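1. No letters, just coordinates:
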């Protein structure tokens, strides 16, 4: 927006808000959107556990996408109750 006056920038911002568009550099709104995306992602994951880790120190729990659950079960993982 080089070359625009403060009034022109304010007018464009008001037009974008009126049109339902978010300001591109609004960190507060971006943070809210990221939190919402994380919550949506967490809501669809399946908690799984294994008794025999792949190597010493390997994790024994995992949050798995529903489409990958069968692949993880094939490797000895179970759904957490």
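-> Received the coordinates, thanks. Note that the structure is a prediction, hence the values are computed from the model and not measured.
2. hey, where'd the helices end up in this protein?
-> Along the chain, counting by DSSP state H, helices occupy 6-18, 27-44, 69-74.
3. Which one of the ones you listed lies nearest to residue 54?
-> Residue 54 lies closest, by C-beta to C-beta, to one member of the helices of the chain: helix 69-74, at 11.6 Å. Backbone N, C-alpha and C define where each C-beta goes, glycine included.
4. Let me have the helices of the chain in TSV, extended by distance to residue 53 and mean neighbour count.
-> Listed next are those as TSV, based on distance: least, C-beta to C-beta, whole Å; neighbours: other C-beta atoms under 10 Å:
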stretch	distance to residue 53	mean neighbour count
helix 6-18	51	11
helix 27-44	23	10
helix 69-74	13	12
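5. Output these in a markdown table; the columns should cover distance to residue 58.
-> Shown next, in a markdown table, are the helices of the chain (distance: least, C-beta to C-beta, whole Å):
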| stretch | distance to residue 58 |
| --- | --- |
| helix 6-18 | 48 |
| helix 27-44 | 22 |
| helix 69-74 | 13 |
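6. Can you say which of these is nearest to residue 52?
-> Ranking the helices of the chain by proximity to residue 52 (C-beta to C-beta) places helix 69-74 first, at 13.1 Å.
7. now what about the closest one, what contacts it?
-> For helix 69-74, contacts defined as C-beta atoms under 8 Å, 6 or more residues apart in numbering pick out 46, 48, 62, 64, 79.
8. Got a ChimeraX select line for the buried ones in those?
-> Under the burial definition 16 or more other C-beta atoms under 10 Å, those of the contacts of helix 69-74 that qualify are selected in ChimeraX by:
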select :46,48,64
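9. Could you tell me the least trusted of the helices of the chain?
-> Least confident of those, judged by mean pLDDT, is helix 27-44 with a mean of 73.
10. quick one on the thing from earlier: mind picking the two most distant members of the contacts of helix 69-74?
-> For the contacts of helix 69-74, the maximum inter-member distance is 10.7 Å, found between 62 and 79 (C-beta to C-beta).
11. picking that back up, between the helices of the chain, which one is nearest to residue 56?
-> The nearest among the helices of the chain, by C-beta to C-beta, is helix 69-74 at 19.9 Å.
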